[in-house]
Every structure is written in C-alpha cells, then in structure tokens.
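Enquirer: Fold the stuff below for me.
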Amino acid sequence: MSQSTLDDEELFTEAASEMREDVEESLAAARAELPESDDIWDVEADNTLGVLNSLSTALKLGDARENLRDAKKWYTMGKEADAFDDAEDLAEEIESVEELLGDIEAAEEHASELASTIPQLKSALEESDEDEAEAAEA
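Expert: Take a look at the predicted model:
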C-alpha cells in the first residue's frame with residue numbers, strides 16, 4: 001500500500017469520526033432544547049387562559065428543529081459516504097428526537113388553538129347568560 005493510500009484511509013477514518021461526533025453533538029443540542037417535563041406539567045396561572053398560554057410558552061422548541069436538521073444532514077453525508085461502521089444507533093436517535101419534536105409541536109399547536117378559542121367561548125357564554133337574565137326579567 002502506498003503512503004498516499006494510507007494517508008487517505010487515515011484521513012477518511014478521522015473525517016468519519018468527526019462526522020459521527022457532529023451528528024451526536026447536534027442530537028444532544030436538539031435534546032437540550034426540548035422542554036423539561038416538569039415545565040409542561042407544573043404550570044401556574046390564575047385562569048385557564050393563563051395555563052394555556054404558559055403551556056404554549058413551555059412547549060416552544062427554540063433551535064431544536066435546526067439542530068435536528070444538522071444532525072440529519074451530517075448523518076446523511078456519513079451514510080452516503082459509507083463512513084459509519086455502525087450507524088443504527090444514530091438513525092434510531094434521530095428518529096426518536098424527530099418523533100418527540102413532532103409530538104411537542106402538535107401539543108403546542110393544540111394549546112395555542114385552545115388559548116385563542118377560550119376567550120371567544122367565555123364571551124359567548126357571558127352573552128348567553130345576559131340574554132337569559134334579560135329574558136327572565138321580561
């Protein structure tokens with residue numbers, strides 16, 4: 001084997017190791033952006049709207065989606081280059097984080113929708129109560 005080939009293999013091995021580290025670091029960064037379970041469970045507020053707004057805020061993902069994208073990008077590059085000896089753990093971790101992000105985004109969307117609906121519902125119920133009171137007086 002020539003010296004050039006040996007150097008190329010050594011460089012490839014080093015690059016593959018760095019790619020794996022990049023994927024792992026991006027996944028760790030994505031996980032770090034996820035809300036803490038207590039932050040979404042223990043929400044304090046004076047009323048339902050406050051609870052929903054607090055929950056919606058607690059469910060914000062920050063840069064988690066971008067970090068996951070970086071992990072997927074480097075994983076894809078490494079996989080296409082056949083740089084990883086065993087990449088199943090990375091693929092599973094990416095899938096796990098992606099599912100968590102999807103669940104959190106869906107929950108945040110539901111909380112936001114409820115937060116926008118509750119004031120309208122409250123107003124409609126108050127109007128109904130006023131109409132009922134007026135009808136009873138007549």
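
Enquirer: which residue is nearest the middle of this structure?
Expert: For the chain, the residue nearest the mean C-alpha position is Leu101 (2.9 Å; C-alpha atoms, centre = their mean).

Enquirer: so where's this structure shaky on pLDDT?
Expert: 1-6 (pLDDT under 70).

Enquirer: hang on, the earlier thing: give the contact list for the residue nearest to the centre of the chain.
Expert: Going by C-beta atoms under 8 Å, 6 or more residues apart in numbering, Leu101 touches Ala30, Leu34, Leu61, Ala64, Arg65, Leu68. Where you see a C-beta, it was placed from the backbone N, CA and C, and this is true even at glycine.

Enquirer: so where does it fall, helix or strand?
Expert: Taking DSSP states H and E as the definition, Leu101 sits inside helix 88-137.

Enquirer: go on, Arg65?
Expert: Going by DSSP H and E, Arg65 is in helix 64-80.

Enquirer: Just the buried residues of that helix, please?
Expert: By 16 or more other C-beta atoms under 10 Å, the buried positions in helix 64-80 come out as Ala64, Asn67, Leu68, Asp70, Ala71, Lys72, Trp74, Tyr75, Gly78.

Enquirer: That concludes my questions; thank you for your assistance.
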